[in-house]
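S.K.: Build me a structure from this.
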Amino acid sequence: MNDHSGSEPLLEPGAGPGSARLRSSGRAEPETRAPSLLAPGESCWRIEPAQRIGVLIDTAEYFRALRSASVAAQSHVVIIGWDVDSRTNLSPHARPSDGLPATLLPFLKALLKRRPELHVYIVAWDFSVIYTLEREFLPSFTFSHVHPRLHFVLDDEHALGASQHQKLVVIDDRLAFVGGMDLTIRRWDRPAHEPHDKRRLDPNAEPYGPMHDLQLCLDGPAARALAELAWHRWDTAVARHPQAFARIRPAPSSFGDAELWPDRVRVDFADIPIGICRTHEGTLEQPRPTREIEVVTRAALLAARRYVYIENQYLTSSVATRAIAYSLQAATGPQFVVVLPKVECGWLEQSSMGMLRQRVLAQLHAADLHGRLHVYYPKLPDESQYSLNVHSKLVVVDDRFLKLGSANLSNRSLGLDTECDVAIEASGASAERTRAGIAGVVQRLLAEHLELSLEQCTAPFADGAELVEFIEAYRGRPRCLEPLPVTQESAPIDLAAIGDWVFDPERPMAAETFIASLFPAHVRHPLLRSAVACVAMLVPVLVLSFLRHHNADSPALQHALQTLRDPVYAALCIGVSYALGCLLFAPITVLLATTVVLFDPLSAFGFGFCGAMLGATLTYTIGRIWRRPTLRYLRQRPAWHLYRLLHERALRATVLARLLPAGNFTGSNLLAGALNLAFWRFACGNAIGLSLGISWLVWFARTLASTFREPSLQHVLQCCALAGGMLGLCFVLARVFAATTVTAQARTP
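M.R.: Residues are numbered from 1 along each chain as shown. The predicted structure is shown next:
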């Protein structure tokens, strides 16, 4: 995030509904806002009518509504999530009133048993290794083979570094839930948010902190449109598994006509149009960026006249920051009420997104020339152990516009991850009813945060100043909205320096075009390349074996070999040699061949493996820390094909890179680090590939040495067989990799 002074324009020339353009003089041109903030194809995907819309506040209400609607389902339930955990507790009661189990997977199994025609489809993000300790272990194994009508798939069809972040549930294509709530653990909570609620326990019976979130429940044609989006996500996720998943959708005639609207869910809006907005960067093969959420968010913030009410998990988006700062610098404009969590969850978020948020807030306060920015956190009666985790993603503008969904106000959500938001705008014949509904949502949220009755919050706010005065009037109570301090305190480890392009990038963290231009779509002439590469690898072994055999009596050689028999000295020499060799882009085959020739087979394997892993880790770390210089440097160097599928096939690609002797060892390691390839996949791939490769080298060198000592037809044939075997393996691997690449491209829509 770049710093801006108060006199500099913070808004780039706009392009979208409601955007104002800023001249170099700092004055805004006359506003050219379109009649509506929602423009299909630009700021939203589609505009569809919704019969009923209910805003569900906090997860207890959502889980209760979801259970009620699922029990009434006749055809199918489609679940799309950032995380879906089989252990999710959908009810605080051990025996819920619907007679079904409380936790998610047993609930679904019992539901499928009760309704023989029902199918359940689940799509969850194929998460990054960084979340391994926070996620359920092997979710595919947990959900698979549980029931023939329960279908589960991990979704990895997104841009490199992106995530599947939609939180969407569709029932019979007639009822939809969309918002910020995942069906995962440590989410259930009630609006009271008691700091020590004994029902708030994770699967290990450990307590977790209070959680505040929002979800929409809606039906009518808008729900059918969201069903199309959910089915598209399912089709995309299972495209690589045609044999494992049946892609036949239920026939529309089987959807039934039973009443699905959940009991006890109030209707906040009726018979109004809504806009469905998306973020999707596309994939490597089909980069089709969709940034409707970014466009509508910027347009709504710039169109505000009285007030903007925001609840969000993050505030790190450069687009949102520029739009808010522009409004704050103007002589007249809206009041901004922003509700954020007091602190982020865990040291990683505090050290990355938390530090980024502090920088953004400092910039916004500097731009707030007229005192219209009010940033709060929800205060609880006892915060000695927990503070309220605000997880909602809500933007309200002037009782005219409401946007709620899965997208945070972060660069990732507005430009990289796969997101889905629903936007409601007061316009047309239903404008007054819609305005009343939007005001009602804000009033319900204030009633929760300030611990007031809904009747105490029903007075409409004529302007943003009245909204701020109302909030300030209840400051100091056990539950209230307290100003969020902007501190310069540093986190345990300050990762914000690389946060913009690692933790919160606006675009794929390692430009897809770089990968596409570096690596051909398929492997051309794999036999020729593999043969040349193998011969190149054999040359050092042949030369060194020959020199050692014919100079066996050399005093200098004997002295060097005697010195290397000291394990400590040998380990030191190997470590320094491999580290310097990798930094100088020396071929790893030369280093390994030298090690194999100088040491006995067991020592050669150990030293070669440890030295190669040391060099790989060192160069991977350099690439990861100095990402941008690395990518600029590698663009100027020749590269090979083996990392085309780094994100989708990370472990396999690394193994192939080590077994198939193509490309530069150092270059591929630097690239893996720069592309933020999960380290455990990188390390495991190197360990597997190097173990097999070094074992073959040791075997070949030992056979070659025997051939030099005792030339015979048997030894020569053994050497030829080993060399031919490696050539054959390389040929097969290259052909398999080429076929897999072509197949993956063919299946990409």
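S.K.: Residue 224 touches residue 174, doesn't it?
M.R.: Yes. The criterion here is C-beta atoms under 8 Å, and residue 224 meets it with residue 174 at 7.1 Å. The C-beta positions use only the backbone N, C-alpha and C, and glycine is treated the same way.
S.K.: Those two: which is more packed in?
M.R.: The residue with more neighbours, out of residue 224 and residue 174, is residue 174; 24 against 17, by other C-beta atoms under 10 Å.
S.K.: Residue 290 and residue 229, how far apart?
M.R.: In this view, residue 290 and residue 229 are 11 Å apart by C-beta to C-beta, to the nearest Å.
S.K.: Which residues are in contact with each of these two?
M.R.: Both residue 290 and residue 229 are contacted by 45, 278, under the criterion C-beta atoms under 8 Å, 6 or more residues apart in numbering.
S.K.: When those two are compared, which one has more neighbours?
M.R.: Neighbour tally, residue 290 and residue 229, criterion other C-beta under 10 Å: the higher count belongs to residue 229, 21 against 16.
S.K.: Look up how far residue 421 lies from the more buried one.
M.R.: Note on residue 229: its distance to residue 421, by C-beta to C-beta, is 11 Å.
S.K.: Pull up the overlap in contacts between those two.
M.R.: Common contact partners of residue 229 and residue 421 (C-beta under 8 Å, 6+ apart): 276, 278.
S.K.: then stretch 666-680 to CSV, C-alphas only?
M.R.: Listed next in CSV are the C-alpha coordinates belonging to stretch 666-680 (Å, rounded to 0.1, in the frame of the first residue of the first chain):
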residue,chain,number,x,y,z
THR,A,666,18.7,-23.5,-8.8
GLY,A,667,16.4,-21.8,-11.2
SER,A,668,13.5,-24.2,-10.5
ASN,A,669,14.0,-23.8,-6.7
LEU,A,670,14.0,-20.0,-7.0
LEU,A,671,10.9,-20.2,-9.1
ALA,A,672,9.2,-22.5,-6.6
GLY,A,673,9.9,-20.1,-3.8
ALA,A,674,8.9,-17.0,-5.8
LEU,A,675,5.6,-18.7,-6.7
ASN,A,676,4.9,-19.4,-3.0
LEU,A,677,4.8,-23.1,-3.6
ALA,A,678,3.9,-24.8,-0.3
PHE,A,679,7.2,-25.8,1.3
TRP,A,680,6.1,-29.2,2.5
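S.K.: gap between the two ends of stretch 136-152?
M.R.: With C-alpha to C-alpha, to the nearest Å as the measure, the first residue of stretch 136-152 is 14 Å from its last.
S.K.: next one: stretch 162-182
M.R.: From the first residue to the last, stretch 162-182 extends over 17 Å; the measure is C-alpha to C-alpha.
S.K.: Now do it, average pLDDT.
M.R.: Along stretch 162-182, the predicted local confidence has a mean pLDDT of 95.
S.K.: and if you look at stretch 588-597?
M.R.: Mean pLDDT, taken over the full extent of stretch 588-597, equals 70.
S.K.: how many neighbours does residue 263 have?
M.R.: With other C-beta under 10 Å as criterion, residue 263 counts 11.
S.K.: Not including adjacent chain positions, what is the nearest residue to it?
M.R.: Residue nearest to residue 263 in three dimensions, not counting chain neighbours: residue 68, with 5.2 Å by C-beta to C-beta, 6 or more residues apart in numbering.
S.K.: okay, now that neighbour: neighbour count?
M.R.: Around residue 68 sit 17 other residues, with neighbours defined as other C-beta under 10 Å.
S.K.: So what does it look like in phi/psi?
M.R.: Backbone dihedrals for residue 68, given as degrees, to the nearest 10, come out at phi -60, psi -50.
S.K.: Would you mind confirming that it makes contact with residue 96?
M.R.: No. Counting by C-beta under 8 Å, no contact exists between residue 68 and residue 96, whose distance comes to 10.3 Å.
S.K.: Report the beta-bridge partners for the closest residue to residue 225 other than its chain neighbours.
M.R.: Taking C-beta to C-beta, 6+ apart as the measure, residue 225 lies nearest to residue 48, with 4.5 Å between them; neighbours along the chain are not counted. Residue 48 has the following beta-bridge partners by DSSP bridges: residue 274.
S.K.: Assess the claim that residue 48 and residue 229 are in contact.
M.R.: No. With the criterion set as C-beta under 8 Å, residue 48 and residue 229 do not qualify as a contacting pair; they are 11.1 Å apart.
S.K.: who touches both of those two?
M.R.: Overlap between the contact sets of residue 48 and residue 229, as judged by C-beta under 8 Å, 6+ apart, is given by residue 276.
S.K.: if we can go back for a sec, can you check the pLDDT for the residue nearest to residue 225?
M.R.: As predicted, residue 48 sits at a pLDDT of 96.
S.K.: Same check on residue 571?
M.R.: Residue 571 is assigned a pLDDT of 77 by the prediction.
S.K.: which residue sits closest to it in space, ignoring its chain neighbours?
M.R.: Computed as C-beta to C-beta, 6+ apart, the closest residue to residue 571 that is not its neighbour in sequence is residue 607, at 7.1 Å.
S.K.: For residue 605, give me phi and psi.
M.R.: The phi and psi values for residue 605, taken as degrees, to the nearest 10, are phi -60, psi -50.
S.K.: end-to-end on stretch 106-126?
M.R.: 22 Å.
S.K.: I meant to write stretch 53-65 there.
M.R.: 13 Å.
S.K.: average model confidence for it?
M.R.: For stretch 53-65, the mean pLDDT works out to 97.
S.K.: Also stretch 692-703?
M.R.: What stretch 692-703 shows for mean pLDDT is 73.
S.K.: same thing with stretch 221-236?
M.R.: Stretch 221-236 comes out at a mean pLDDT of 94.
S.K.: Domain map for the chain?
M.R.: 48-269, 512-747 (automatic domain parsing).
S.K.: Comparing those, which yields the minimum mean pLDDT?
M.R.: Comparing the domains of the chain by mean pLDDT, the weakest confidence falls on domain 512-747, with a mean of 62.
S.K.: The helix or strand that contains residue 579: what's the following helix or strand?
M.R.: The secondary structure element spanning residue 579 is helix 567-583 (assigned by DSSP states H and E). Following the chain from helix 567-583 toward its C-terminal end, the next helix or strand by DSSP H and E is helix 588-598.
S.K.: helices or strands up against that following helix?
M.R.: Applying 3 or more C-beta pairs under 8 Å, 6 or more residues apart in numbering; DSSP states H and E, we find helix 588-598 packed against helix 526-550, helix 567-583, helix 601-625, helix 679-709.
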